[in-house]
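> What follows is a predicted protein model with its sequence.
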Amino acid sequence: MSMAYDYDMLVVGSGPAGQKAAVQGAKAGKRVALVERDNLFGGACVHRGTIPSKTLRENALRISHMRQNASLADFKLTEDLEMSALITRLNDVLVAHDMYMSRQIDRNGIERIQGRASFVDNETIRIDRVQAEPLTVRCETVILATGSYPRNPPNMPIDHENVLDSDSILSLLYLPKSLTVLGGGVIASEYASIFQALGVQVTMIDKYPKPLGFLDQDLCDTFVEVFEGMGGTWLGEREVEHVSWDGISEVTTECNDGTIVRSQKLLCAAGRIANVKNLNIENAGLSLNDRGLITVDEDMRTSVPNIFAAGDIIGPPSLASSSMEQGRRAASRAMDVEVSSMHDMIPSGIYAIPELSAVGLNEDQAIKKFGGSVVGRANFDEIARGQISGNTQGMLKLICDDKGEKIVGTMIVGEGATELVHIGMMAIMNEMKVDALVDSIFNFPTLAEAYRVAALDAISRRS
Ligand SMILES: Cc1cc2nc3c(=O)[nH]c(=O)nc-3n(C[C@H](O)[C@H](O)[C@H](O)COP(=O)(O)OP(=O)(O)OC[C@H]3O[C@@H](n4cnc5c(N)ncnc54)[C@H](O)[C@@H]3O)c2cc1C
Ligand SMILES: NC(=O)c1ccc[n+]([C@@H]2O[C@H](COP(=O)([O-])OP(=O)(O)OC[C@H]3O[C@@H](n4cnc5c(N)ncnc54)[C@H](O)[C@@H]3O)[C@@H](O)[C@H]2O)c1
């Protein structure tokens, strides 16, 4: 490191992207500092997003299983259930995660600085600290990993008490009786189905005809079927125009077609935008693109050569999984460490009830690419493990090329989907033939057996 710099690399943000970037930089023998404004490490992923929502989901699933098996035990959910009772294990999960991350940061000799970073110029960062003087440091490379925050449409009176966003929804004190969910994306579908499974009367509203429209149509249809089967309401092709809180007990949502929905609470899940608040990116010569994101090249380098960016700040796929890899890659490229090009095979895992997961091409994309496609299906109710566990609403679709030989996609809905998908992912990455799934012996009874059943179905459909 040149004496002109305090650090070889300064990473801003300790979410999945920043954390992996800092560790990778330190592993390359560089002097690295990690700046985080919050007092705990982990970012939105740990404190407001992935981990809290999945902890709530786990309890919602247990409660819905208990309801389904009510004949075995006298089960009734307590009236006015406190939200904290539904995420009891969350604190243990967060503390364990923070400890694991802090140890990793310390073990690798990374300096932790608590404070809010902002650019003075492209190499100089000011860090405003709580109960300490501001710090100004010079660094050769900067990795921006400041994540995203909820996009709140202008007509949305978010007060974090009655009209909430995805950062505040888990701060609800009590489980509401009814909830309107604006949006049909991933966050909306996860929370809508989780709250519905907990017995809340949920109405989802989106301008698109179906939720999760980027997924295979059969998966979207199964999601809606199960959601409505639990008592939820899906209102597609409607734009929310006006939302108001009556000051007493009710939120009124008015749509462009005249539909009016009344509920106790509303969750706005209308997308997320890059978090560059107070970063003064213009001082470094950076600006946001027309989608409100930081643009990077395939090395994760921004338009300013010594500044890299990774994670939600650069936009889709905006996943914890891809953010970690982008962070690692950004640090490697910045330090001239050899790294292979990023794999385009990124699975989507949606932790709704039911779970959905997909990797590779869906049926429409396969038809576009090969001029046709052979699809093999297995319904979980045909699989012994599905029947035993009562997990009968699931389905696995194996998408093959036009000859029905090569596996090009795997689409799954049903419990276990986010784990099962990796078998399909490995098959696609290794260019496996469909027949190899039939020739393999799977544990019995397992849901993974659905792969063999779907493969047999695909083979029977070859022309
Ligand atoms: C409700 C919800 C559920 C999700 N579920 C999943 C899921 O199941 N699976 C999945 O893969 N992804 C999921 N995601 C997405 C995932 O959480 C994000 O993609 C991931 O957290 C992005 O990581 P990041 O490192 O870019 O940013 P973040 O995790 O947002 O971390 C950014 C950090 O930067 C800090 N920071 C910001 N500005 C400054 C500054 N000026 N100075 C210092 N520090 C600063 C912030 O305090 C924060 O700690 C979910 C997101 C949400 C909202
Ligand atoms: N399991 C996971 O991987 C996971 C979980 C949660 C979040 N995430 C990430 O978080 C990001 C943000 O998720 P999100 O669901 O907030 O965003 P999104 O962009 O996926 O969905 C927002 C939805 O809101 C709708 N909408 C916006 N304004 C509207 C209006 N006025 N009326 C009607 N509909 C309106 C849009 O049509 C869109 O469908 C995603 O990119 C996702 O990758 C991932």
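Cool, got the structure. Ligands and ions are numbered 1, 2, ... in the order given.

> Now the residue of the chain found nearest ligand 2: closest residue in space that isn't a chain neighbour?
For the chain, the residue closest to ligand 2 is Gly185, as judged by CB to the nearest ligand atom, at 2.2 Å. Every C-beta, even on glycine, is put in place using the N, C-alpha and C of the backbone. By the measure of CB to CB, 6 or more residues apart in numbering, the closest residue to Gly185 outside its immediate chain neighbours is Ala269, 6.2 Å from it.

> Wait, that neighbour touches Phe195, no?
No. Contact criterion CB atoms under 8 Å: Ala269 and Phe195 do not qualify, at 11.9 Å.

> Give me the common contacts of those two.
Both Ala269 and Phe195 are in contact with Val181, where contact means CB atoms under 8 Å, 6 or more residues apart in numbering.

> now the residue nearest to Gly185: how far from ligand 1?
As judged by CB to the nearest ligand atom, to the nearest Å, Ala269 and ligand 1 stand 8 Å apart.

> residue contacts, that residue?
If a contact means CB under 8 Å, 6+ apart, then Ala269 has Pro150, Asp165, Ser166, Val181, Leu182, Gly183, Gly185, Ile187, Ala188, Tyr191 as its contacts.

> quick one: which of these is most hemmed in?
Top of these by neighbour number is Val181, holding 30 neighbours under the definition other CB atoms under 10 Å.

> quick one, what contacts it?
For Val181, the contacting residues are Ala188, Tyr191, Ala192, Phe195, Val202, Thr203, Met204, Ile205, Leu266, Leu267, Ala269, by CB under 8 Å, 6+ apart.

> In CSV, list the residues you listed along with secondary structure.
Shown next, in CSV, are the contacts of Val181 (DSSP: H, G, I helix; E, B strand; the rest coil):
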residue, secondary structure
Ala188, helix
Tyr191, helix
Ala192, helix
Phe195, helix
Val202, strand
Thr203, strand
Met204, strand
Ile205, strand
Leu266, strand
Leu267, strand
Ala269, coil
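
> Those: which ones sit near ligand 2?
Within the set of the contacts of Val181, contact with ligand 2 (CB under 6 Å from any ligand atom) is found for Ala188, Ile205, Ala269.

> Can you give me the neighbour number for the residue lying closest to the second one once chain neighbours are set aside?
Setting aside the residues directly before and after it, Ile205 is nearest to Leu235 in space (CB to CB, 6+ apart), at 4.7 Å. Applying the criterion other CB under 10 Å, we find 17 residues in the vicinity of Leu235.

> Going by distance to Glu161, which of the ones next to ligand 2 among the contacts of Val181 wins?
Ranked by distance to Glu161 (CB to CB), the ones next to ligand 2 among the contacts of Val181 are led by Ala269 at 16.9 Å.

> Against ligand 1, how distant is Thr180?
Thr180 is 17 Å from ligand 1, by CB to the nearest ligand atom.

> So that residue sits against Glu254, correct?
No. Look at Thr180 against Glu254 with CB under 8 Å: they stay out of range, at 10.9 Å.

> Let me see the backbone angles for the residue nearest to Ile205.
With angles defined as degrees, to the nearest 10, Leu235 sits at phi -120, psi 100.

> Hmm, Gly258 and it touching each other?
No. With contacts counted by CB under 8 Å, Leu235 stays clear of Gly258, the gap being 11.8 Å.

> which pair in the contacts of Val181 spans the largest distance?
Once CB to CB is applied, the contacts of Val181 give Phe195 and Ile205 as the farthest pair, at 14.4 Å.

> wait, what's in contact with the residue nearest to Gln326 when sequence neighbours are not counted?
Computed as CB to CB, 6+ apart, the closest residue to Gln326 that is not its neighbour in sequence is Ala310, at 3.7 Å. Counting by CB under 8 Å, 6+ apart, Ala310 touches 17-18, 21, 143-145, 296, 300, 323, 326-327, 329-330.

> Which ones, among the residues you listed, also lie beside ligand 1?
Restricting the contacts of Ala310 to those near ligand 1 by CB under 6 Å from any ligand atom leaves Ala17, Gly18, Ala145, Ser323.

> ok, the closest residue to the first one other than its chain neighbours - how many residues close by?
When you say that, I think you mean Ala17. Closest residue to Ala17 apart from its sequence neighbours, by CB to CB, 6+ apart: Gly311 at 2.9 Å. Neighbourhood size, Gly311 [other CB under 10 Å]: 37.

> Just the pLDDT at Gly311, thanks.
Per-residue pLDDT puts Gly311 at 97.

> most neighbours, which of the contacts of Val181?
Highest neighbour count within these: Ala192, with 31 neighbours (other CB under 10 Å).

> list the contacts for that residue?
With CB under 8 Å, 6+ apart, Ala192 has these contacts: Leu179, Val181, Val202, Met204, Phe227, Gly232, Leu267, Ala352.

> okay if I get the residues you listed as a markdown table plus distance to Thr136 and pLDDT?
Compiled in a markdown table, the contacts of Ala192 are given as follows (distance: CB to CB, whole Å; pLDDT from 0 to 100):
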| residue | distance to Thr136 | pLDDT |
| --- | --- | --- |
| Leu179 | 46 | 98 |
| Val181 | 44 | 98 |
| Val202 | 49 | 98 |
| Met204 | 48 | 98 |
| Phe227 | 52 | 97 |
| Gly232 | 52 | 98 |
| Leu267 | 40 | 98 |
| Ala352 | 46 | 97 |
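
> with those residues in mind, which one is nearest to Leu170?
Leu170 lies nearest to Leu267 out of the contacts of Ala192, by CB to CB, at 10.4 Å.

> what about Ile105, which helix or strand?
Secondary structure assignment for Ile105, by DSSP states H and E: helix 90-107.

> ok, that helix near ligand 1 or not?
No. Helix 90-107 stays clear of ligand 1 (CB under 6 Å from any ligand atom), getting no nearer than 11.1 Å.

> if we can go back for a sec, got TSV for the contacts of Ala269, with secondary structure too?
Output for these, formatted as TSV (three-state DSSP):
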residue	secondary structure
Pro150	strand
Asp165	strand
Ser166	coil
Val181	strand
Leu182	strand
Gly183	coil
Gly185	coil
Ile187	helix
Ala188	helix
Tyr191	helix
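
> Just to be sure, Ser287 is in a strand?
No. When classified by three-state DSSP, Ser287 is found to be coil rather than part of a strand.

> neighbours of Leu61, just the number please.
Count around Leu61 with other CB under 10 Å applied: 18.

> To clarify, my last question referred to Ile383.
For Ile383, the count of nearby residues is 25 (other CB under 10 Å).

> repeat for Ala366
Neighbourhood size, Ala366 [other CB under 10 Å]: 22.

> again with Asp106
Neighbours of Asp106 under the rule other CB under 10 Å: 11.

> One more: Ile194?
By other CB under 10 Å, 24 other residues sit near Ile194.

> That one - nearest residue in space that isn't next to it in sequence?
The shortest distance from Ile194 to any non-neighbouring residue, by CB to CB, 6+ apart, is to Ala60 (4.6 Å).

> for that neighbour, helix, strand, or coil?
When classified by three-state DSSP, Ala60 comes out as helix.

> which strand in this structure runs the most residues?
Ranked by number of residues, the top strand in the chain under DSSP state E is strand 135-144.
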